[in-house]
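Undergrad: return a 3D structure for these sequence lines:
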Amino acid sequence: MTGERDNGDRGELARSLLALRRAAGLNQIPFAEALGVSQAQVSRVELGRRIIGPELIERWCDLCNATTADRERVMALAKSGADARDLRVVFQRSAAGANYFQERVREHERAAAVIRAFQPGMVLGQLQTLDYAAAVFGAGEDLSPAEVVDLVAERRRRWTRIDDGDGQRREWRLIQTEGALNWCLRSPTLMAEQVEHIGDLSRLPNVRVGIIPGRMLADVVAPHGFHLYDEAAVQVGTKTATGLLTEPADVTVYVDLFAQLEALAVYDDAARAVLARIAAEYRAQG
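TA: Numbers count the residues shown, from 1 in each chain. The predicted structure is shown next:
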């Protein structure tokens, strides 16, 4: 849920970044390589379809040898757009904004000591194999093959954090339903590998994977997935948009909900027994 000022500043920022690159006589492909992103990402930025952070904007200005005045102007536009988005609830719509939103989520991941997540309908991103992630992103009707590649690459960068790849000790508490794992995406072989991968990750010392078995008697309803970053923010998703809530009252609701879901799940050897059974059933199909 963003304001008109955000949309206007985004368009002006996009035009300004495009003008800087053209004035510098730089073609998109070599420019993207120097920037460290794909050509598709540069194109989306210049079309106003993707927002990038201040570090990339600084790098953009450096590569274009921007004047001090031009640099200050584009940084002011970027800050103005960020201020407009600094709301208690921010919804990012469309595939065009998916990479930007993942960057926002990555910032919360870096800051959090404990990340709690629940997903009733699909495998959590942190637990996905590359093949499963590609299948998920490829199922989007408005994603190009290049965008799928970009999103899977971004997901790969985020995965390094689950085993302390960024050098920080972080606790992950991840809950899946058996029903989500029984949703056979693309092929039984893909799903068997995915389920076995979850079992492997469950052995990491900083990861606690809970599985809510099928037909478990419950007195709580959780209609959608969510991620909690400490008690500072909660990310929720719909088919068409992803939301970030930071209002304390909202976050508390999800903290309490997660505690109820944890009580329904099984862990460690019991969870791995469920995973092994599901994987074996997929292997039998394949």
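Undergrad: what ranges do the strands span in the stretch 101-250 of the chain?
TA: Per DSSP state E, counting those that start in this stretch, the stretch 101-250 of the chain carries strands over the ranges 114-119, 171-177, 207-212, 226-229, 233-237, 241-245.
Undergrad: out of the ones you listed, nearest to Glu46?
TA: strand 241-245 (23.3 Å; C-beta to C-beta). Every C-beta, even on glycine, is put in place using the N, C-alpha and C of the backbone.
Undergrad: re the thing from before, nearest to Asp150, out of the strands of the stretch 101-250 of the chain?
TA: Judging these by C-beta to C-beta, what sits closest to Asp150 is strand 241-245, at 16.4 Å.
Undergrad: next, the angle strand 207-212 makes with the helix or strand that Thr252 is a member of.
TA: Assigned by DSSP states H and E, Thr252 belongs to helix 248-264. Angle, helix 248-264 to strand 207-212, by axes from the mean of the first three to the mean of the last three C-alpha atoms, to 10 degrees: 70 degrees.
Undergrad: state whether Ser16 is indeed within a strand.
TA: No: counting by DSSP: H, G, I helix; E, B strand; the rest coil, Ser16 is not part of a strand but helix.
Undergrad: span of stretch 256-274 from start to end?
TA: Stretch 256-274 has an end-to-end distance of 26 Å (C-alpha to C-alpha, to the nearest Å).
Undergrad: what bits of the stretch 1-150 of the chain have low per-residue confidence?
TA: Residue ranges of the stretch 1-150 of the chain with pLDDT under 70: 1-10, 80-105, 139-144, 148.
Undergrad: tell me where it has helices.
TA: Along the stretch 1-150 of the chain, the segments classed as helices by DSSP state H, counting those that start in this stretch run 4-23, 28-35, 39-46, 54-63, 68-85, 98-111, 130-138, 145-159.
Undergrad: state the phi and psi torsions of Asp269.
TA: When read as degrees, to the nearest 10, the backbone of Asp269 gives phi -60, psi -40.
Undergrad: check it and give its pLDDT.
TA: Taken from the predicted model, the pLDDT recorded for Asp269 is 97.
Undergrad: against Ile211, how distant is it?
TA: Separation of Asp269 from Ile211 (C-beta to C-beta, to the nearest Å): 11 Å.
Undergrad: ok, Asp200 next?
TA: Taking C-beta to C-beta, one finds Asp200 at 14 Å from Ile211.
Undergrad: neighbour count for those two, which is higher?
TA: Legend: neighbour count by other C-beta atoms under 10 Å for Asp200 and Ile211, higher for Ile211 (27 against 12).
Undergrad: I'd like to know how far that one sits from Pro54.
TA: In terms of C-beta to C-beta, Ile211 sits 40 Å off from Pro54.
Undergrad: show me the shaky parts of the stretch 151-286 of the chain.
TA: In the stretch 151-286 of the chain, residues with pLDDT under 70: 151-168.
Undergrad: swap the cut-off to 80 and go again
TA: Low-confidence regions of the stretch 151-286 of the chain, defined by pLDDT under 80, span residues 151-169, 238-242, 286.
Undergrad: Ala113 reaches Arg173, doesn't it?
TA: No: using C-beta atoms under 8 Å, Ala113 is not in contact with Arg173; the gap is 11.5 Å.
Undergrad: higher neighbour count, the two?
TA: Each of Ala113 and Arg173 has its neighbours counted (other C-beta under 10 Å); Arg173 has more, 19 against 10.
Undergrad: can you name the residues that contact the more buried one?
TA: Counting by C-beta atoms under 8 Å, 6 or more residues apart in numbering, Arg173 touches Val114, Ile115, Arg116, Ala117, Arg208, Gly210, Phe258, Glu262.
Undergrad: which of those residues count as buried?
TA: The neighbour count (16 or more other C-beta atoms under 10 Å) marks Ile115, Arg116, Ala117, Arg208, Gly210, Phe258, Glu262 as buried among the contacts of Arg173.
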